[in-house]
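Peer 1: Could you look at this predicted model? Sequence included:
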Amino acid sequence: MKKGVDNPNEIDEDMGVKTVSVQFNTLRLRAGAAHPQGRQTSPTGAVFTPRHTFLENTPMKYPVLIPLIFSCFSPLGVWGAASQPSPDSFERMLDAIAIVESSGKADAIGDSGRAVGLFQLWDIYVQDCNRIAKTNYTSADRYCPKKSREMVRIVLRHYGKDIPFDKWAVIHISPSKRRDYERPAAKEYLAKVRKAMK
């Protein structure tokens, strides 16, 4: 009988070991046959002796599971991902942004009429929100406290995936420059929002 190299699902009757192919992401490994002295040989003939092996006392009637835990994470990984806010913290930030932008006035108008409502939204902000969430908000919705808040919530969550939560407020003034939160204008805006949150 063949030794399981051509067909990874065949059993090597002589050694009693099933050759297994494991594919995880772009990494492909193949477990070889057991050596009589406890060593193992790869399909290419290379011999290695593991310090600890579970193959010695394990019946080889079933596929061997090879855990590759280190491959489970993206470049960001679990620990490298941007922080996610609690619902309470996020809503407090939205309240603070509304205070900074309009002093909490839903009928406020600024920037020569281009920014309106509680959050001083521009038309382009509404368009971006609709693009992100496939929604149908209108320019008139900027005057509605509930709908304007929904739009800001959508936009901040979308662009906040790659920056810390305590910097999310800068997204409101310029999503494209959100990563440059150390620039003077961004630092000044963040300071105002933080003060309003206290």
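Peer 2: Perfect, thanks for sending it.
Peer 1: Return the helix or strand in this structure with minimum mean pLDDT.
Peer 2: The weakest-scoring helix or strand in the chain, judged by mean pLDDT, DSSP states H and E, is helix 77-80 (a mean of 32).
Peer 1: Quick check: next helix or strand after that helix?
Peer 2: helix 87-102 (DSSP states H and E).
Peer 1: Domain map for the protein?
Peer 2: The chain breaks down into these domains under automatic domain parsing: 11-72, 82-197.
Peer 1: mean pLDDT for those domains: which is lowest?
Peer 2: In terms of mean pLDDT, the lowest-scoring of these is domain 11-72 (a mean of 45).
Peer 1: Can you show me the strands along this protein?
Peer 2: Using DSSP state E, the strands assigned to the chain run over residues 11-12, 17-18, 20-24, 27-31, 33-34, 40-41, 47-48, 109-110, 115-116.
Peer 1: Residue 180 against residue 173, yeah?
Peer 2: No - Residue 180 is not in contact with residue 173 according to C-beta atoms under 8 Å; the separation is 11.3 Å. (C-beta placed from N, C-alpha, C; glycine too.)
Peer 1: Residues that sit against both of the two, list them.
Peer 2: Taking C-beta atoms under 8 Å, 6 or more residues apart in numbering as the criterion, residue 180 and residue 173 both touch residue 186.
Peer 1: And the two? Which one has more around it.
Peer 2: A direct count of neighbours by other C-beta atoms under 10 Å for residue 180 and residue 173 places residue 173 higher, at 17 against 12.
Peer 1: and the more buried one, how far is that from residue 136?
Peer 2: Going from residue 173 to residue 136 by C-beta to C-beta, to the nearest Å gives 25 Å.
Peer 1: What of residue 118?
Peer 2: Residue 118 sits 20 Å away from residue 136, taking C-beta to C-beta as the criterion.
Peer 1: can you check residue 160 too?
Peer 2: Counting by C-beta to C-beta - residue 160 and residue 136 are separated by 23 Å.
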